[in-house]
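**Q** below is the sequence, then the predicted model.
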Amino acid sequence: QKEVEQDPGPLSVPEGAIVSLNCTYSNSAFQYFMWYRQYSRKGPELLMYTYSSGNKEDGRFTAQVDKSSKYISLFIRDSQPSDSATYLCAMSARRTNAGKSTFGDGTTLTVKP
Amino acid sequence: DVKVTQSSRYLVKRTGEKVFLECVQDMDHENMFWYRQDPGLGLRLIYFSYDVKMKEKGDIPEGYSVSREKKERFSLILESASTNQTSMYLCASSLSGSNCEQYFGPGTRLTVT
């Protein structure tokens, strides 16, 4: 069983919809939680990074972590066609040198105009 | 802007060839990583380095080696390419104090025939 499981998608929504992207994990040592966005034929780019449980907001994006349930989510409000991409969750137990990140497989999102 | 560049976007090699993939970052980051990305398997860590001449095995190091002679450059070597090494290879870098915030290159799509 994988340490990080991500809703496989693909997900297709109309412009303006609220999108929820989700990951679950099994390793209780994970304390750092990241969301990356990957456009087609490009490398991933870091969207948001949170530590431990709670919410973090950045513009239209909100990252939510529930460590008791081992569940994280990324919400996108007022989704735009430019949000169409693959979204990867990632997690790490440590922030410094030996802290490897474990990635989910990604969820592909299409926002239709 | 952090810039991570990879030597080739597309590469076609024959089985048994020695393959070199080069990665260069221009932000004086201490840490550098090599991943491969495959459908259904996500991003998997091959090797990482947290200092010049230092290297650590990731989750799937078999069939690969790495070299880091200069801080800005991290090379991935396939000693004898095989068809199961056909994949997208992604390089990333980060500051030593923030392994979780990784900056990725555009990727090299390697096909081994």
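**A** On my side now, so go ahead. Numbering: from 1, shown residues only, chains lettered A, B, ... in the order given.

**Q** enumerate the residues of chain B near chain A.
**A** Contact residues (Cβ under 8 Å from any Cβ of the partner chain) of chain B with chain A: B:4, B:30-31, B:40-45, B:48, B:50, B:56, B:58-59, B:90, B:92, B:96-107. Placement of C-beta: from N, CA and C, glycine included.

**Q** need the contact list for the residue of chain B found nearest chain A.
**A** Going by Cβ to the nearest Cβ, chain A is nearest to B:Phe104 of chain B, at 3.3 Å. Applying Cβ atoms under 8 Å, 6 or more residues apart in numbering or on different chains to B:Phe104 gives the contacts A:Tyr36, A:Gly43, A:Pro44, A:Glu45, B:Val4, B:Leu90, B:Cys91, B:Ala92.

**Q** among those, which lie within strands?
**A** Counted as lying in strands by DSSP state E, out of these, are A:Tyr36, A:Glu45, B:Val4, B:Leu90, B:Cys91, B:Ala92.

**Q** narrow these to those that are buried.
**A** Listed as buried from the ones in strands among the contacts of B:Phe104 are A:Tyr36, B:Val4, B:Leu90, B:Cys91, B:Ala92; burial here means 16 or more other Cβ atoms under 10 Å in any protein chain shown.

**Q** neighbours around the nearest residue to the second one once chain neighbours are set aside, how many?
**A** Put plainly, it is B:Val4. Leaving aside its sequence neighbours, B:Val4 sits nearest to B:Gly105 (Cβ to Cβ, 6 or more residues apart in numbering or on different chains; 3.9 Å). For B:Gly105, the neighbour count with other Cβ atoms under 10 Å in any protein chain shown is 23.

**Q** and B:Gly105, what does it touch?
**A** So B:Gly105 contacts A:Gly43, B:Val4, B:Thr5, B:Gln6, B:Cys23, B:Leu90, B:Cys91, B:Ala92 (Cβ under 8 Å, 6+ apart).

**Q** what pLDDT does the first one get?
**A** Read that as A:Gly43. Per-residue pLDDT puts A:Gly43 at 94.
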